[in-house]
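Participant: The following comprises the amino acid sequence and a computationally predicted model.
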Amino acid sequence: MIDTARGTPLVRASERTKRKLLRLCGASLVATSTLAAASVAQARITQITILTRGTAFGGYSFPVVGQYEFITGVATGEVNPSNPQNAVITDIQLALRNANGNVVYQHNFYILKPLDLAHGNHKMMYEPPNRGNKTYQTLNNTPSGTSDPAALTDPAVLADSFLWSRGYTTVWSGWENNLGPLSGLVATASLPVAFGPGNSTLTGPGYEYIVTGAATFTLAYPAASGSQGAPNAVLTHRVHLDDTPQVVPTSGWAYTDATNTAIKLTTGNFVANDIYEFSYIAKNPTVNGLGLAAIRDFNSFLRYAAKDDSGTPNPLAGDVERIYTETSSQPARTLNDFTHLGFNEDEHHRKVFDGMMQWIGAGDGLNMNYRWSQTKRTERNRQEELYLEGLYPFANVPTFDPISNTSDWRYKRCEHTHTCPLAVEFYSANEYWVKAGSLMSTDPTGRFDLPDHPLTRLYLLSSKQHGGAGDPTSKGLCQQFLNPLDSAPVQRALWIDLDEWSTLGISPPDSQVPRLRDGTLVPPLPQSRAGFPSIPGVTYTGLKTTRYRFNYGPDFYKTFIPTINPPVMTPPYEDNPANGPIYPSYVPKTDSDGNDIAGIRLPELTVPLATYTGWGLRSGAWANDGCEASGQYIPFKATKAERVAAGDPRPAVEERYHSYTQYRNKVVEAVDRLVRRRFMICDDSQDIATRLLQAGLAAGVPAPLPDETSSAPNPVPACIGRMPPHYHYHYHHVRDHDGDRD
């Protein structure tokens with residue numbers, strides 16, 4: 001069979017296999033599965049079903065590594081709920097069990113591996129996808145927007161890929177419940193429902209936060225009945241976060257059908273970006289924490305197993321020497337919980353992940369291992385603030401929390417079992433403003449800085465908004481243009497630092513975060529203390545998300561079963577002791593231009609043409625509410641005359657850079673410094689320097705005179721005499737005649 005999208009040979013599952021898979025995906029999966037034939041003492045993957053397999057990238061062959069192949073399929077696993085390592089999963093005891101007394105789950109997977117594993121580097125990048133979507137592209141230097149990376153065929157794109165040209169196997173697998181069909185390319189899992197005594201239906205308080213403009217909204221859990229009004233189901237509406245919610249009369253909304261799985265307004269659509277909250281009695285909670293075991297057991301299978309219980313070979317058997325994770329945002333918070341709850345130790349007491357690169361996760365976990373949890377939610381300074389993700393402990397090192405009267409830390413369990421991963425914790429300024437990110441590096445009282453854990457480093461990417469680079473020509477819903485700072489070059493450098501730490505024992509650069517002790521970590525108010533200048537046309541309110549310990553009911557923090565959901569809130573939402581005990585958090589102090597002082601400062605900050613912020617405010621009907629993940633890009637005036645006329649306190653471009661050569665030298669020095677500090681690799685240095693020189697000319701830097709060089713040196717000084725570009729260099733292991741690797 002030929003895959004028409006790729007024109008390459010493809011092996012597909014037989015119709016019999018497909019029918020078997022559909023049966024496994026049915027509602028009776030958990031109660032009837034008898035796949036396991038071996039001992040059930042350990043959780044494990046019991047079966048893998050290969051759906052597709054073929055040559056990747058249109059047959060493109062990487063130097064030394066050769067061709068890649070793709071494999072997609074479904075994994076079936078089972079967990080013994082009596083094992084203490086699994087007992088931390090909320091409601092695991094309430095899921096139906098198979099004939100072996102275990103709880104069964106399934107998830108899909110996607111693997112890209114060197115066709116000849118002997119030519120790979122015997123290392124694996126694993127990414128738990130973000131809401132089912134792959135986000136590796138920023139690190140890998142390849143185009144985003146596809147769930148099928150094997151379909152890439154452009155030789156130039158593939159040659160410049162960061163991971164595949166170095167011989168990495170790249171793997172994705174589902175861990176979130178019901179994001180799509182298991183046979184599809186969106187990463188998803190099928191997790192069981194929890195039941196009460198005698199397999200009775202469980203009910204409890206459900207909660208939905210709605211800001212979409214659609215005609216209907218699908219509930220995370222079905223309503224227990226079609227009854228409307230308190231105490232069964234109440235819908236409220238408001239425009240601003242701190243407005244008093246107004247109850248929508250029962251005549252103003254309805255369930256879309258008798259399944260009670262979605263709601264609608266009886267007149268028109270929900271107003272996009274207005275805030276609707278739906279509190280109701282829900283039923284059939286899923287055991288979402290089982291997704292952590294799915295991540296653990298699938299990676300353990302790929303690393304250590306020879307075959308599944310029915311004899312299907314592990315496609316990576318005997319090859320994987322290291323596994324590093326790559327995450328972005330939501331899955332980074334997932335792996336924070338994964339580490340804290342001890343899941344980096346498999347049930348044979350082996351380490352699962354050697355290293356983690358945690359991009360924009362900071363100190364938060366995920367709304368996952370609780371009853372009625374919703375893994376797709378994320379709290380920011382306007383959205384979804386009442387879904388619990390900011391749960392103590394926040395830091396990797398031991399702290400005492402006077403609010404809960406407990407001592408804990410993220411690495412506590414893995415320290416005891418010697419299974420801790422190395423980690424580079426890498427996050428944007430936005431995490432300080434909307435995720436209380438400072439709690440990663442301060443004690444819970446906010447009084448003193450914490451030391452580094454010896455196995456982790458913390459890095460702020462200064463003045464960066466959440467996620468990828470914003471469009472500096474668009475304001476979106478915000479008051480200012482979006483922040484275009486790009487994390488990709490630093491991510492690639494930190495990946496190399498992590499690998500060298502794991503394989504060669506070379507420690508990465510010291511942590512780079514703002515600190516209380518040197519005054520670079522400060523309260524957002526007053527503005528003068530935060531350092532942010534008063535720029536005409538730019539509103540500064542100091543809005544920052546407050547980290548509360550919410551009241552979800554008297555026993556919630558023992559059982560993780562809420563009896564109050566959502567917690568009761570009193571406007572204002574932020575810094576209001578009436579809403580519960582507060583963990584103090586802070587933000588990075590800025591220089592006189594408004595750019596963060598501490599952290600990894602990109603050349604855009606050290607040779608600035610603009611102010612960049614990790615925070616933003618909304619415009620329009622929602623003005624001055626938080627703009628959530630977005631930051632700001634506020635260019636300098638080109639000339640002194642323009643600056644004076646505007647009343648802008650920031651020196652104009654012509655006041656900063658008196659000649660093209662002066663600006664060029666500063667740019668080259670800034671790029672060179674990042675390379676020498678191991679926060680940038682040589683492959684990225686030339687393109688960055690060239691881009692910044694062009695940006696300078698567009699912003700008002702004087703044009704080069706006839707005797708001035710108009711381009712950056714190739715290479716920058718730190719890269720002179722270096723080996724060929726990093727994208728085309730990889731650590732290559734060979735086997736001797738006995739099959740051992742040197």
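Facilitator: Happy to help now that I have it. Note that this is a predicted model, so its numbers are computed, not measured.
Participant: just the strands in the stretch 51-200 of the chain please.
Facilitator: In the stretch 51-200 of the chain, the strands defined using DSSP state E, counting those that start in this stretch lie at 61-62, 66-79, 103-114, 123-127, 169-173, 189-190.
Participant: List just the one of the ones you listed that sits closest to Asp683.
Facilitator: Closest approach to Asp683 among the strands of the stretch 51-200 of the chain is made by strand 61-62 (15.4 Å; CB to CB). (Each C-beta comes from the backbone N, C-alpha and C, glycine too.)
Participant: Return the list of helices and strands in contact with the host helix or strand of Gln694.
Facilitator: Per DSSP states H and E: Gln694 is located in helix 682-699. On a contact count with 3 or more CB pairs under 8 Å, 6 or more residues apart in numbering; DSSP states H and E, helix 682-699 meets helix 488-504, helix 603-606, helix 660-676.
Participant: Highest mean neighbour count out of these?
Facilitator: helix 603-606 (a mean of 22; mean count of other CB atoms under 10 Å).
Participant: Which strands or helices does it pack on?
Facilitator: On a contact count with 3+ CB pairs under 8 Å, 6+ apart, helix 603-606 meets strand 610-613, helix 660-676, helix 682-699.
Participant: Tell me the neighbouring strands of the first one, and mark each as parallel or antiparallel.
Facilitator: Strand 610-613 sits in its sheet next to strand 632-635 (antiparallel), going by DSSP bridges.
Participant: Let me know how buried Pro155 is, in neighbour terms.
Facilitator: Counted by other CB atoms under 10 Å, the residues lying close to Pro155 total 12.
Participant: so how far is Leu602 from the closest residue in space to it that isn't next to it in sequence?
Facilitator: Nearest non-adjacent residue to Pro155, counting by CB to CB, 6 or more residues apart in numbering: Tyr60, 6.0 Å away. The gap separating Tyr60 from Leu602 is 32 Å, by CB to CB, to the nearest Å.
Participant: Looking at those two, which has the bigger crowd around it?
Facilitator: Set Tyr60 next to Leu602 and count neighbours by other CB under 10 Å: Leu602 wins out with 27 against 19.
Participant: Let's see the pLDDT reported for the more buried one.
Facilitator: Leu602 is assigned 98 on the pLDDT scale.
Participant: same thing with Ala31?
Facilitator: Per-residue pLDDT puts Ala31 at 34.
Participant: The one 3 residues further on too?
Facilitator: Note for Thr34: predicted pLDDT of 32.
Participant: Next up, the contacts around the nearest residue to Ala189 once chain neighbours are set aside.
Facilitator: Excluding its sequence neighbours, the residue lying closest to Ala189 (CB to CB, 6+ apart) is His107, at 3.9 Å. His107 sits next to 74-75, 77, 173-175, 182, 187-190, 294, 298 when contact means CB atoms under 8 Å, 6 or more residues apart in numbering.
Participant: quick one: which of those residues has the most company?
Facilitator: With neighbours defined as other CB under 10 Å, the most crowded of these is Gly174; it has 31 neighbours.
Participant: From what I see, that residue and Pro129 are in contact.
Facilitator: Yes: if you go by CB atoms under 8 Å, Gly174 and Pro129 touch, sitting 7.4 Å apart.
Participant: Now for these two: what residues contact both?
Facilitator: Residues touching both Gly174 and Pro129 (CB under 8 Å, 6+ apart): Val186, Ala187.
Participant: For Phe301, which three-state class applies?
Facilitator: At Phe301 the chain is in helix, as set by DSSP: H, G, I helix; E, B strand; the rest coil.
Participant: My read is that it contacts Ala43, right?
Facilitator: No: look at Phe301 against Ala43 with CB under 8 Å: they stay out of range, at 10.4 Å.
Participant: So what's the residue count around the closest residue to Asp274 other than its chain neighbours?
Facilitator: Ranked by CB to CB, 6+ apart and with sequence neighbours excluded, the top spatial neighbour of Asp274 is Val239, at 5.5 Å. When neighbours are defined as other CB under 10 Å, Val239 has 14 of them.
Participant: Distance of Val239 relative to Thr541?
Facilitator: Per CB to CB, Val239 is found 17 Å from Thr541.
Participant: what does stretch 140-159 contact?
Facilitator: Residues from elsewhere that reach stretch 140-159, judged by CB under 8 Å, 6+ apart: 5-6, 54, 56-58, 60, 62, 68, 70, 110, 112, 133-138, 160-165, 170, 185-186, 488, 492, 727-728.
Participant: Which among those residues count as buried?
Facilitator: Buried members of those, counted by 16 or more other CB atoms under 10 Å: 6, 54, 56-58, 60, 62, 68, 70, 110, 112, 133-138, 160-165, 170, 185-186, 488, 492, 727-728.
Participant: Can you tell me which of those residues end up in helices?
Facilitator: Gln137, Thr138, Ala488, Arg492 (DSSP state H).
Participant: Can you tell me which of those residues comes closest to Gly626?
Facilitator: Of all those, Gly626 sits closest to Thr138, with 24.2 Å by CB to CB.
Participant: For that closest one, which residues are in contact?
Facilitator: So Thr138 contacts Ser144, Ser328, Gly468, Ser487, Ala488, Gln491 (CB under 8 Å, 6+ apart).
Participant: before we move on, what about Glu326?
Facilitator: Residues near Glu326 by CB under 8 Å, 6+ apart: Met125, Tyr126, Glu127, Thr135, Tyr136, Leu139, Met357, Trp359, Trp495.
Participant: Taking the centroid of this protein, which residue is nearest it?
Facilitator: The centroid of the chain falls nearest to Ser329 when counting by CA atoms, centre = their mean (2.0 Å).
Participant: Thanks again, I'm all set now.
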